[in-house]
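Participant: Turn this into a structure:
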Amino acid sequence: MRAPCAARAFAARTARLAARSLLREAEAAPKPGLVDRLGPGSHSDMDIGHFRLSAAALEPYFTRMAEEGDPERLRSLGIEAEAAMLAATGGVNTHKGAIWALGLLCAAAGTLHARARRVGAPDAEAVCDAEAVCDEAAALAARITALSGRPGGSEATHGQAARRDHGLRSAACEALAGFPSVRAAALPIARGLARSGDRDAPDARAREDEAVILVLLAAMTATDDTCVVARGGLEALGMARSMAREVLGAGGPRSDAGAPAYARMMAEFAARRLSPGGSADMCAAALFLADLERPGPPGLALPRARR
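Facilitator: Model prediction:
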C-alpha cells in the first residue's frame with residue numbers, strides 16, 4: 001500500500017502539472033486552427049474560457065488517477081472526468097482525448113512512485129523518467145482495453161473511424177504503443193525547452209508561446225492526427241505534417257525564415273477550417289512529461305479558470 005502522505009503529495013503535484021500542461025497548450029498563441037487565448041481558431045463552438053474551465057475541472061480527477069492503479073477504477077474515473085469536463089464547459093468537448101492520454105500518464109507516474117517507495121528507493125522522484133512513465137502507461141492502457149475492448153469510451157470517435165478507414169493510429173493506439181509520436185518528436189523538444197529559457201524574463205510570454213508552439217509543431221510531424229483527417233481527409237494530414245516540418249526546419253515560427261512559413265500555415269488552416277486537436281493532446285502530454293522530469297516548482301503562472 002502507498003504511504004498516504006507521500007502518495008497524496010506526489011499525486012497532487014502530478015495532477016497540477018497535468019492540468020498546467022493543458023493550459024499551456026491552450027493559452028499559447030497564435031496556433032494553426034486551434035483555440036488559443038487570442039481566438040477560437042477553426043472552432044465556432046468553443047473558446048479559451050471553455051479550456052480554462054475544463055482544465056480546472058479535470059485536475060481533481062488527475063489527482064485521483066495518480067493515486068489509483070486498478071484498471072477498472074481508472075476506467076471509471078475516466079468516464080467521471082469526461083462527465084465533469086462536459087458539465088464545466090456546458091457540453092463542449094474540449095479534452096476528451098487528453099483525459100485518456102494524461103490520465104494514463106498520471107496513473108503510470110503514480111504507480112511507479114508507489115513501486116519505488118515500496119522497495120525503499122532513496123529518491124522516489126527518480127521514477128519520473130518519461131520513458132518509464134510511457135511504458136507503464138502502455139501497460140495500463142492494455143489492461144483497461146482488456147476490460148471493454150474500447151479504451152476511448154463507448155461512443156465512436158474520429159480516431160476509431162480513421163483507424164478503420166485508413167489504418168491510422170488512434171489516440172487509443174498511441175497509448176497502447178507507449179506514445180511513440182510523443183517520444184520520437186515532441187518530447188525531445190519539450191525536454192530541451194524545459195532545461196533552457198528564463199520564464200521570469202521580460203518577454204516570458206512570447207518565449208512561452210514559441211516554446212509550446214515548437215512542441216506542437218513537432219507533435220504534428222509524427223501524430224496521426226485524426227481531427228485533421230476528419231475535417232480534411234488524408235491529403236490535409238499530409239499537408240499539415242509537411243508545413244510543420246517546413247516551419248521547424250526554417251528555425252521555428254519566430255525566426256526570419258520560419259515566420260513567413262508559419263504565416264502561410266496559419267492562413268491555410270484557417271481557410272480549410274482544420275484543427276490539429278490530436279497533436280494538441282500529444283503536445284500537452286510532452287509538456288507534462290518534460291515537467292515531470294524536472295525538479296522544482298512549475299514555472300509560468302497561469303490564469304485562473306474564467307469565462
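
Participant: Now do L274 against P30, distance only.
Facilitator: Look at L274 and P30: by Cβ to Cβ, to the nearest Å, they are 14 Å apart. Heads up, the C-betas are built off the backbone N, CA and C, glycines and all.

Participant: quick one, which of these two is more surrounded?
Facilitator: Per other Cβ atoms under 10 Å, whichever of L274 and P30 has more neighbours is L274, with 26 against 16.

Participant: does the more buried one really touch L34, like I thought?
Facilitator: No: using Cβ atoms under 8 Å, L274 is not in contact with L34; the gap is 9.6 Å.

Participant: Between those two, which contacts overlap?
Facilitator: Taking Cβ atoms under 8 Å, 6 or more residues apart in numbering as the contact rule, L274 and L34 both touch S42.

Participant: Which residue is most remote from the mean position of this structure?
Facilitator: G120 (31.3 Å; Cα atoms, centre = their mean).

Participant: At which residues are the helices of the stretch 151-300 of the chain located?
Facilitator: With DSSP state H, counting those that start in this stretch as the criterion, the stretch 151-300 of the chain has helices at 158-166, 171-176, 180-181, 187-195, 204-222, 226-249, 258-272, 277-293.

Participant: Which among those is found nearest to F62?
Facilitator: Closest approach to F62 among those (Cβ to Cβ): helix 277-293, 9.6 Å.

Participant: Could you export the helices of the stretch 151-300 of the chain as TSV, including mean neighbour count, distance to A9 and mean pLDDT?
Facilitator: Formatted as TSV, these follow (neighbours: other Cβ atoms under 10 Å; distance: least, Cβ to Cβ, whole Å; pLDDT from 0 to 100):
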stretch	mean neighbour count	distance to A9	mean pLDDT
helix 158-166	17	34	60
helix 171-176	24	26	90
helix 180-181	20	31	95
helix 187-195	19	21	87
helix 204-222	23	27	96
helix 226-249	19	36	96
helix 258-272	17	41	98
helix 277-293	29	14	96
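
Participant: related to what we said a few turns ago, A helix includes the residue farthest from the centre of the chain, no?
Facilitator: No: counting by DSSP: H, G, I helix; E, B strand; the rest coil, G120 falls outside a helix, being coil.

Participant: R37 and T223, how far apart?
Facilitator: For R37 relative to T223 (Cβ to Cβ), the value is 23 Å.

Participant: between the two, who's got more neighbours?
Facilitator: Looking at R37 and T223 with other Cβ under 10 Å, you find the greater number of neighbours at T223, namely 31 against 19.

Participant: how close does that one sit to A108?
Facilitator: 20 Å.

Participant: Y262 now?
Facilitator: For Y262, the distance to A108 - Cβ to Cβ - is 34 Å.

Participant: Could you do A286 as well?
Facilitator: In terms of Cβ to Cβ, A286 sits 15 Å off from A108.

Participant: Low-confidence regions, the stretch 51-200 of the chain specifically.
Facilitator: 121-127, 149-167, 194-200 (pLDDT under 70).

Participant: run the last query once more with 50
Facilitator: 151-155 (pLDDT under 50).

Participant: show me the contacts for the closest residue in space to R245 that isn't next to it in sequence.
Facilitator: Excluding the flanking residues, the one nearest R245 by Cβ to Cβ, 6 or more residues apart in numbering is T221, at 5.3 Å. By Cβ under 8 Å, 6+ apart, T221 lies in contact with A185, R241, A244, R245, L248.

Participant: How about the contacts made by the first one?
Facilitator: Just to be clear, that refers to A185. Taking Cβ under 8 Å, 6+ apart, one finds A218, A219, T221, A222, T223 in contact with A185.

Participant: Give me the nearest residue to it, chain neighbours excluded.
Facilitator: A222 (3.9 Å).

Participant: How about the contacts made by that neighbour?
Facilitator: Under the criterion of Cβ under 8 Å, 6+ apart, the contact list for A222 reads P180, S181, A184, A185, A186, M282.

Participant: Fine by me, thanks again.
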